[in-house]
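> Sharing a model prediction with you, sequence too.
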Amino acid sequence: MKKSIIYKFLPFLILFIFISGCSPVMAWTVSPVRFEIEGEKGKEYTFTFAVLNESQLHQKRFEINVDDWIIDKNNNFLRKAFNPGVTNKYSASQWIKVTPQQFAVGPGETKNIRFTVSVPENIPLNGEYSTGLFVGEKNIEKPIKGEKIVHIKQDTYIGVVVYVKFGQGKQDVVLKDLKIDTKPLENGFNKVIVTPAYESRGNIHSRAEIFVKAEPVGQFETGNIKAEPTELIPGDRSSQIKKFPGGELVVLRESELMYPVELPEPFKSGSEWKFTVSADFGKNSPVLVGTKKFRIPVAKIENKTQDTQSQKTKK
């Protein structure tokens, strides 16, 4: 059965959901889904989050697993349980104890879950360490005919993200590259994908809101015809500027990330634009801005008549 990861970033919240196959609609939630802890070596800290069963009809059973995770350079969320090659150099998984690990929640009820962070005294480097507490719903399947064993499978997970920081946190992110790609559409237009690449050189994770601005550049030529950059409002360039929100990204400690933004509006073939990508990492870091001029390619139209005649000749 094919498994996929769905992840969603929200302001001040990060929600990781794992779905296996065709799961029923989730009728439960976890809150909060992120803890950012400023700790001291050798100390112990206890926190609580809640699991709410939103179903008014059925009891739900859950199990919690502590596991490493990363966001790779292609912006994929990878959990170690399903990707054995995943390694987190700054893992806090061994520091966590959850109580209880298995439990049931009645219809419309809430269960408070405690977890304890026991910080070792011999941590070699300051900065941020991380792990995930994955709450999994346990669905009971009826035994196969002839068997007496009741099968329990976990279909859906919500991850509670835990960051533990020691000493002075350093947020240092740089824009390494800015790429622009296109996909041809019908009627002489293209879909544009703007992909900035970031590198974190700091010792904590960094979160940013992304915005993309597209401005027409001069005139462009298509064959022997000169035209305005867009046909929206000829002569009024300010009205032709396009602005798009790109969502929220997270760059982990000492990692790289490419963040593709597929712009929702098509761009005319042959037109030239200046694309500006802004990443606002908050008050502790300056807004990173990258710009690039790009001419939208003209898609090659194959001459089907000539191709047909050529094929007949070959026959």
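It's in.

> what pLDDT does G218 get?
On the pLDDT scale, G218 is placed at 70.

> now T305
49.

> repeat for F9
Note on F9: pLDDT of 35.

> how far away is L78 from K283?
Separation of L78 from K283 (CB to CB, to the nearest Å): 30 Å. Using the backbone N, CA and C atoms, a C-beta is placed for each residue, glycine as well.

> Which one's more surrounded, those two?
L78 (16 against 7; other CB atoms under 10 Å).

> Relative to the one helix or strand the more buried one maps to, what are the paired strands and their orientations?
Using DSSP states H and E, L78 sits within strand 77-79. Sheet pairing of strand 77-79 (DSSP bridges) gives strand 69-71 (antiparallel).

> what's the average pLDDT for the partner strand?
On average, the pLDDT along strand 69-71 is 97.

> So what's the gap between it and the chain middle?
10 Å (CA atoms, centre = their mean, to the nearest Å).

> go on, stretch 161-168?
Averaging C-alpha positions (CA atoms, centre = their mean) puts stretch 161-168 21 Å from its chain's average.

> and P266, what is it in contact with?
For P266, the contact set (CB atoms under 8 Å, 6 or more residues apart in numbering) comprises 185, 189-192.

> how close does it sit to K41?
With distances taken as CB to CB, P266 is found 55 Å from K41.

> returning to that earlier point: out of the contacts of P266, who has the most neighbours?
Going by other CB under 10 Å, V192 tops these with 24 neighbours.

> Not counting its neighbours along the chain, what's nearest that residue?
In space, and not counting its chain neighbours, V192 is closest to L263: 4.7 Å by CB to CB, 6 or more residues apart in numbering.

> ok, which stretches of the stretch 201-315 of the chain are helices?
In the stretch 201-315 of the chain, the segments counted as helices under DSSP state H, counting those that start in this stretch are 304-314.

> what bits of it have low per-residue confidence?
219-239, 299-315 (pLDDT under 70).

> related to what we said a few turns ago, contacts for the next helix or strand after the strand holding L78, please.
Using DSSP H and E, the helix or strand that follows strand 77-79 in sequence is strand 96-99. Contacts to strand 96-99, defined as CB under 8 Å, 6+ apart, come from residues 64, 66, 113-118, 131, 133, 162.

> Closest one to T276 out of these, please.
When the contacts of strand 96-99 are ranked by distance to T276 (CB to CB), V162 comes first, at 35.5 Å.

> I70 versus that closest one, what's the distance?
Taken as CB to CB, the span from V162 to I70 is 14 Å.

> quick one, which of those two is more surrounded?
Taking other CB under 10 Å, V162 and I70 do not tie; V162 has more neighbours (23 against 19).

> before we move on, the earlier item: export the contacts of strand 96-99 as TSV, with columns for pLDDT.
Shown next, in TSV, are the contacts of strand 96-99 (pLDDT from 0 to 100):
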residue	pLDDT
I64	96
V66	98
I113	98
R114	98
F115	98
T116	98
V117	98
S118	97
T131	98
L133	98
V162	98
